[in-house]
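A.B. asks: Quick check, what structure comes out for this input:
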Amino acid sequence: MTFSRVLVDEAAQATEPAVLCALSHGCQQVCLIGDDQQLPPLVQSEDAQELKISLFERWRGQKLRVHLLDTQYRMHPAISAFPSQHFYNGQIKDGIEASDRPLPAGFNWPNQNMPVSFVNVSSRETSRGTSKFNDEEVKIVIAVTKRLLEGGDIREDDIGIVSPYKAQIKKITEGLDRNISVRSVDGFQGQERDVIIFSAVRANEGGYVGFLNDPRRMNVLLTRAKRGLLVVGDGKTLEKGSDDWNKWIQWVRENKLEQLRAEGTGTGLGRQAGTNSAQGHRQRGRGYRGRGAGRARRGRGHGWYQSKS
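C.D. replies: Modelled structure (predicted):
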């Protein structure tokens, strides 16, 4: 059996031996499709960590010709703004208008023109075995989720909750008791939801952020949402522990997207008075093309690179 032409999808997540298996059957032309600015191959063995460098990334580093798919069709332009600038040197364009992704009702968005919010929580993390959780963030995530559902135009399967720690995922899942996807960043690679809520968990004096100090993982979590992105975390810890998070928080503040919450003061995250819910329904009627429109376009853009040789 021979394959003269080989097309490899998600090539930046595939180990080099896995791709070479496909190329060893008479391949004369190969096209690798992937994004090496997002998660690399998963390699658990400490003795094989060099396999985290995919063939895609290796060839790209050798200056092979690369074609950038430069138009994203998933995110509201305000959600894609920071990832495009920070991870892709401003090369990613928006293939949709803001009116195609109406502001989700039920949450008091700080900037009505930008469906992004950073809920800056003064809290403290707790260790559980090798994992960690943050009770204050759990309360806020659950409260925000319930408010969005009460808003009327977001359903359970429209929401994704993301956190880097299994203990936090477990606490949020138990507290919600709803059919909502709560997963790790790695578990959401390649997926999308209308609204993404991210719980950062880490909150400590030393600024230790662990898993969060990974620009590829950060890129993934910031680019899953179509209509609304909420990040819940301790600003001081994130700013101190990661240059990438520091820059994101500065961008948030420049655009007035930050909401401050002190530990023990309650969530205080009621829906915006008067206009938010009505505005969401009006926009849905005018310009929203439904879940199928966004999902049908999955894979047509959003910073994936296509390497050929």
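
A.B. asks: Helices of this protein, residue ranges please.
C.D. replies: Secondary structure of the chain (DSSP state H): helices at 16-23, 55-61, 77-87, 135-150, 166-176, 215-222, 235-241, 243-254, 276-287, 290-296.

A.B. asks: Rebuild these as CSV, extending it with mean pLDDT.
C.D. replies: Output for those, formatted as CSV (pLDDT from 0 to 100):
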stretch, mean pLDDT
helix 16-23, 94
helix 55-61, 92
helix 77-87, 98
helix 135-150, 97
helix 166-176, 96
helix 215-222, 96
helix 235-241, 97
helix 243-254, 98
helix 276-287, 42
helix 290-296, 40
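
A.B. asks: of all these, which lies closest to residue 100?
C.D. replies: Within the helices of the chain, the stretch nearest residue 100 is helix 276-287; the backing value is 5.4 Å (Cβ to Cβ). (Each C-beta comes from the backbone N, C-alpha and C, glycine too.)

A.B. asks: any chance of the helices of the chain in CSV, plus mean neighbour count?
C.D. replies: Listed next are the helices of the chain as CSV, based on neighbours: other Cβ atoms under 10 Å:
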stretch, mean neighbour count
helix 16-23, 14
helix 55-61, 19
helix 77-87, 20
helix 135-150, 21
helix 166-176, 19
helix 215-222, 20
helix 235-241, 20
helix 243-254, 16
helix 276-287, 15
helix 290-296, 13
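
A.B. asks: Redo those helices as JSON lines? Include distance to residue 98.
C.D. replies: Listed next are the helices of the chain as JSON lines, based on distance: least, Cβ to Cβ, whole Å:
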{"stretch": "helix 16-23", "distance to residue 98": "39"}
{"stretch": "helix 55-61", "distance to residue 98": "33"}
{"stretch": "helix 77-87", "distance to residue 98": "6"}
{"stretch": "helix 135-150", "distance to residue 98": "19"}
{"stretch": "helix 166-176", "distance to residue 98": "29"}
{"stretch": "helix 215-222", "distance to residue 98": "18"}
{"stretch": "helix 235-241", "distance to residue 98": "26"}
{"stretch": "helix 243-254", "distance to residue 98": "18"}
{"stretch": "helix 276-287", "distance to residue 98": "9"}
{"stretch": "helix 290-296", "distance to residue 98": "14"}
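
A.B. asks: Among the ones you listed, which comes closest to residue 126?
C.D. replies: For these, proximity to residue 126 was assessed by Cβ to Cβ; helix 135-150 is nearest, at 7.0 Å.

A.B. asks: Tell me the helices and strands packed up against the closest one.
C.D. replies: Taking 3 or more Cβ pairs under 8 Å, 6 or more residues apart in numbering; DSSP states H and E as contact, the helices and strands that helix 135-150 lies on are strand 116-121, strand 159-162, helix 166-176, strand 193-199, strand 225-233.

A.B. asks: and the end-to-end length of stretch 154-163?
C.D. replies: The separation between the terminal residues of stretch 154-163, taken as Cα to Cα, to the nearest Å, is 21 Å.

A.B. asks: one step back: quick one, which of the helices of the chain is nearest to residue 127?
C.D. replies: helix 166-176 (8.4 Å).

A.B. asks: So which elements touch the closest one?
C.D. replies: When contacts are defined as 3+ Cβ pairs under 8 Å, 6+ apart, helix 166-176 sits against strand 131-133, helix 135-150, strand 181-183.

A.B. asks: Those into CSV, with extra columns for distance to residue 94?
C.D. replies: As requested, the helices and strands packed on helix 166-176 are exported to CSV (distance: least, Cβ to Cβ, whole Å):
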stretch, distance to residue 94
strand 131-133, 36
helix 135-150, 24
strand 181-183, 25
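
A.B. asks: So for residue 57, which of these sits nearest?
C.D. replies: Nearest of the helices and strands packed on helix 166-176 (Cβ to Cβ): strand 181-183, 24.9 Å.
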